[in-house]
Structures are given as structure tokens and as C-alpha cells.
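In: Dropping a prediction and its sequence here:
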There are 2 protein chains.
Amino acid sequence: MTDSQKHIIGLVFYPGMTSLDIVGPQQVFSALPGVQIHRIWKTLDPIKTDDGMMVLPDTTFENCPRLDVICIGGGLEQGAVEDDPEILAFLRKQGSTAKFITSVCGGSLFLAKTGLLFGYRATTHWAMRQQLAKFGVEVGTERIVIDRNRITGGGVTAGIDFGLTIASILCGEEVAKIIQLLLEYNPAPPFDVGSPEKAGAQLVDKAILFMQGISSLEVAKQAV
Amino acid sequence: MTDSQKHIIGLVFYPGMTSLDIVGPQQVFSALPGVQIHRIWKTLDPIKTDDGMMVLPDTTFENCPRLDVICIGGGLEQGAVEDDPEILAFLRKQGSTAKFITSVCGGSLFLAKTGLLFGYRATTHWAMRQQLAKFGVEVGTERIVIDRNRITGGGVTAGIDFGLTIASILCGEEVAKIIQLLLEYNPAPPFDVGSPEKAGAQLVDKAILFMQGISSLEVAKQAV
């Protein structure tokens, strides 16, 4: 595939999605030569993400063209929309023709609920591995899992590694390397606790309680 | 400072800003206990970021309360607003009382132009180090530079390390660790080219040409 060919990439937006799940890959994709990005939701009304920022979709499910890459992320309040028939129908429809069916973080659960990950290996946020496994998915704990044309990333920040991986597949390794350099992606996490395996059981338990606290707070804020 | 005290954090938005510069720290900050985040611009009208996403500010320069932490990021089109007197006046005013004056990526150049970094060590995106040095700033090449109450991060993705560092300062190491785990920040960059030192001169030259290409493309798109 040459640079002059257009890659049509769709990012599914929804209320309560995690901004960083989507903005990580979006920042990478937007730098790709010959790319067209669609930010897709039921309407073009503003959406509140789970970090409180308001964002505007630019494409509706109805007027979205056929996508080469479809991507959905997770969110603290994804439970509220995970079974939404319109979202699942859109994913199923685009998934039947897309070249790549992809997700970051808890986004894999939407794909799993459509059946698009049945019989595939995939990954998700560490806190959702058990849930994902219930849908006939072989759950990997790697940061990125590629199984045929399903490409799934782990939790939140994995979206950057995921985006660069897809950049490399679509436009070649050199373009992906240039984008990695431009995004100065030379990470230096302040602590070595970025996975449950590294963090240990005690911190994992605290993180789950902490997350439930944020989540109920966010749900309360959304309801106002 | 205890968790029940509110930290008022302001993120300056502007047209052409890099989404990921701001969303990295924003995702971290939004998880902090007792935090209030303001997304600030001249008006509440939608803003187009440099990856093409539309976002909505929620606070204007005029009605912004006194901030504990002020933060500004960079952007491919930051040159168009870098000398905007309203932005610089806002930064100067808030900078005179804020507990922490901070930036990610090219955001340091705005701070430098107000004089807020004069005589300080600070960092920026690797491509802007020379520009920053012209403003009486001692430019560091580390990913995060802390000099008294100035905290600056390197390019784009450094915002995540930066956000976690500030989380640790505001709310303690355990909270920062929990957030790192929740964001599954266990990076696995696909290539080892995330800094100019690692990438080498040839890739750096290509990246600069590539960036200039994106930049002029984006400026053209904005003008439409």
C-alpha cells in the first residue's frame, strides 16, 4: 500500500470513554500520510469523556463511510453503553468489511459482544481480562495482540504502542519510527508498577477500590 | 496537603494544540482525589486540535479562578498563537500566584515568552530546545525537569510521565502509583527511537522534514 492511498480510520466515540485510550492512537494516526479520520457517534452533539473533557464527534453511525480500520476504546462508564444495540450494530456492520478490527483497553469488550473476537486471541485492560474471556476470546496479557486482522491493545496508555504498531502496518516501519520520534515516545515512568504483575496484589486491590470510587463519582457527575 | 483539599488545575487550550500533550496529564489529574480541572481558552467555542479533533473549553481566561497548577502544552501550530498577548497575560497573571507553573512539550515556549522561565532550568520537545534557550532558560534534555516550582515535560508523550510526577507531588506516591497501574502505564514502544539521541541524525532530519510537511498541511486545513 503506498502513501498516496487513503486509509480511512474510524474511532468510535461515546459518553464516558477514556480520552487517552483514543487520543493516543489518534495522535499517531493523524500524522500518517494519506489518512482520513472519522470520530463517530450517534449524533454530532458534544460528548463528555471520563476525564471530564467535552469532545465533538464529526461523523454519525449513519453517515460513516466504509472504514479500513475501526477502533473503539474503553471508558470508566463503558458499562452504560456496552450493550447499546446501535453501537454493536455499527461495529458488526463495519467489522464485516474493515481491513482491521481494533480496540484499545476495554474497547475489546464491545468487539467481543458483537462476536467479532470469537475464536480470536485479544487483549484488554488488565482489570477486564476475566470479563473478556467470557466471550470465547483467548485473552493475552501482552500489551498488543495481533491475531489475523484483529489488533487489540491493553489498558489506556497501551494505545500509543498500539497506534505505532498500526502505523507500521499501514505505512511501513520508517513512518512509524518518525512518528515515534516526533511524539518523543521515550517513556520514563516514574514507578515500576504499570502492570498487575509488576505492581503486586496489594496495589492491585487498592487500584480496584480506587477505580470503583472514581467510577461511581463519574457516574454521579454524568447524572447531574 | 490532604486528599480532602481541592487542587485547582488549569489546562490552557488553544487552536492547533497537540491533544496528547494535554490529554496525557489530564487523564492522570482527573483521577486525583479532590481535584478540580479547568480547560481554559478565550471563549467556550470549540477548538480544533492538531490531530483534527474538536474539543470544548469549559472556562474562559476571564472567569478562571486562581489556579494551584497552571499547565500549557505545545502544538504543531503553536507559532500562530505563541505571541498572543491575551494568552501571555493570562499565564503571567496566574503564574504570579500558582503553586506550580508547568508545561508539556512546546508549552514551555509560552512560559518562556512571559519571562516565567527566566533563570530556570526547563525542558521542551527536542525540536524546540534551541528556541527555548533564547529566553534565558537553561534547557535540560531530561524527560521531566523540576526547578523550584517550575515543572516542565519533554515532547508530547512525556505528558504522561509529567502528569504522574505532579500526581505524586500533589497527592503522594501511593496515589500516583495507583493511577499509573490504572492507566496500565507499562510502556513497550515498538522501536527504540523515541529521542533524538536514540534515533540518530538521519532519522532526526527525516522527522523534521516530515513534521514541517504535517505542519503546513495542518495550517492549510485550518485556513479552510
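Out: That came through, no problem.

In: so what's the residue lying closest to residue A:18 once chain neighbours are set aside up against?
Out: Using C-beta to C-beta, 6 or more residues apart in numbering or on different chains and skipping the chain neighbours, the partner closest in space to residue A:18 is residue A:75 (4.7 Å). Heads up, the C-betas are built off the backbone N, CA and C, glycines and all. Applying C-beta atoms under 8 Å, 6 or more residues apart in numbering or on different chains, we find residue A:75 in contact with A:14, A:16-18, A:21, A:49-50, A:106.

In: Next, work out how far apart residue A:75 and chain B are.
Out: For residue A:75, the distance to chain B (C-beta to the nearest C-beta, to the nearest Å) stands at 11 Å.

In: Can you tell me the element that residue falls in?
Out: Under the criterion of DSSP states H and E, residue A:75 resides outside all helices and strands.

In: Let's see the pLDDT reported for it.
Out: The pLDDT attached to residue A:75 in the predicted structure is 97.

In: now do residue A:144
Out: We note a pLDDT of 98 for residue A:144 in this prediction.

In: Can you name the residues that contact it?
Out: A:123, A:151-154, A:158, A:161-162, A:165, B:188.

In: Looking at those, which is nearest residue A:139?
Out: residue A:123 (6.7 Å; C-beta to C-beta).

In: Using the three-state scheme, assign residue A:112.
Out: Using DSSP: H, G, I helix; E, B strand; the rest coil, the structure places residue A:112 in helix.

In: okay but it is in contact with residue A:135, surely?
Out: Yes. Under the criterion of C-beta atoms under 8 Å, residue A:112 is in contact with residue A:135, at a separation of 3.6 Å.

In: The two: who's more crowded?
Out: Taking neighbours as other C-beta atoms under 10 Å in any protein chain shown, residue A:112 and residue A:135 compare with residue A:112 leading, 26 against 19.

In: Quick one, grab the pLDDT at the more buried one.
Out: 98.

In: what about the strands in chain A?
Out: Listed from the start of the chain, chain A has strands (DSSP state E) covering A:7-12, A:35-41, A:47-48, A:54-56, A:59-60, A:69-72, A:100-103, A:121-122, A:138-139, A:144-147, A:150-153.

In: JSON lines for those, including distance to residue B:55?
Out: Output for these, formatted as JSON lines (distance: least, C-beta to C-beta, whole Å):
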{"stretch": "strand A:7-12", "distance to residue B:55": "14"}
{"stretch": "strand A:35-41", "distance to residue B:55": "11"}
{"stretch": "strand A:47-48", "distance to residue B:55": "10"}
{"stretch": "strand A:54-56", "distance to residue B:55": "5"}
{"stretch": "strand A:59-60", "distance to residue B:55": "16"}
{"stretch": "strand A:69-72", "distance to residue B:55": "19"}
{"stretch": "strand A:100-103", "distance to residue B:55": "22"}
{"stretch": "strand A:121-122", "distance to residue B:55": "30"}
{"stretch": "strand A:138-139", "distance to residue B:55": "33"}
{"stretch": "strand A:144-147", "distance to residue B:55": "27"}
{"stretch": "strand A:150-153", "distance to residue B:55": "23"}
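
In: I'd say residue A:159 and residue A:104 touch.
Out: Yes. Taking C-beta under 8 Å as the definition, residue A:159 is a contact partner of residue A:104 at 4.1 Å.

In: Which neighbours do these two have in common?
Out: Between them, residue A:159 and residue A:104 have A:21-22, A:24-25, A:73, A:153 as joint contacts when contacts are counted by C-beta under 8 Å, 6+ apart.

In: can I get the residues you listed in JSON lines with distance to chain B and neighbour count?
Out: Shown next, in JSON lines, are the shared contacts of residue A:159 and residue A:104 (distance: C-beta to the nearest C-beta, whole Å; neighbours: other C-beta atoms under 10 Å in any protein chain shown):
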{"residue": "A:21", "distance to chain B": "9", "neighbour count": "34"}
{"residue": "A:22", "distance to chain B": "9", "neighbour count": "29"}
{"residue": "A:24", "distance to chain B": "7", "neighbour count": "33"}
{"residue": "A:25", "distance to chain B": "10", "neighbour count": "31"}
{"residue": "A:73", "distance to chain B": "12", "neighbour count": "33"}
{"residue": "A:153", "distance to chain B": "9", "neighbour count": "35"}
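
In: Turn the residues you listed into a markdown table, columns for distance to residue B:193.
Out: Below are the shared contacts of residue A:159 and residue A:104 laid out as a markdown table (distance: C-beta to C-beta, whole Å):
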| residue | distance to residue B:193 |
| --- | --- |
| A:21 | 24 |
| A:22 | 24 |
| A:24 | 17 |
| A:25 | 18 |
| A:73 | 25 |
| A:153 | 20 |
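
In: ok, these vs residue B:33, which is closest?
Out: Closest approach between the shared contacts of residue A:159 and residue A:104 and residue B:33, by C-beta to C-beta: residue A:21, at 22.0 Å.
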